[in-house]
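K.L.:
All I have is the shape, not the residue letters:
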């Protein structure tokens, strides 16, 4: 299936791009390129130091994959569901095992709630929604 078109006069296109950039920034820049070393320390709290590198690489790959999926622009309801599951799992683990390493636990939850609200809006209200 071909990617969805980019209609730059549509708010849905810009929302797709914006959400993709968030996932790309966190996956590629913060995690894969290690621009935010705190992310590895958080992962190490959950899985241990030895596994933290490979697990962080998997998380980074999943986040980059979500960015690509958003840019592809197809099956956005399953994409929103995947984002919801990923954020719920990551936030739950971070709050349980690495709360002291978080800059702002409440801020993180609020920002992620907004991100997920936008992801679901995109999936359910966009021109591709059924």
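P.N.:
Structure received. Keep in mind that what you see is a predicted model, and the values were worked out from it rather than measured.
K.L.:
Wait, residue 108 touches residue 87, no?
P.N.:
No. Taking contact to mean CB atoms under 8 Å, the distance of 9.6 Å between residue 108 and residue 87 leaves them out of contact. Backbone N, C-alpha and C define where each C-beta goes, glycine included.
K.L.:
Does the closest residue to residue 29 other than its chain neighbours fall in a helix, a strand, or a coil region?
P.N.:
Here the nearest residue to residue 29 in space, its sequence neighbours aside, is residue 35; by CB to CB, 6 or more residues apart in numbering that works out to 4.9 Å. Put simply, residue 35 is coil when judged by DSSP: H, G, I helix; E, B strand; the rest coil.
K.L.:
Give me the below-cutoff pLDDT ranges for the chain.
P.N.:
Residues of the chain that meet the criterion pLDDT under 70 lie in 130.
K.L.:
And the helices in it?
P.N.:
Remark: helices assigned in the chain by DSSP state H are 11-24, 38-47, 49-72, 76-97, 105-125.
K.L.:
List the buried residues for the third one?
P.N.:
Translated: helix 49-72. 52, 55-56, 59-60, 63-64, 66-67, 69-72 (16 or more other CB atoms under 10 Å).
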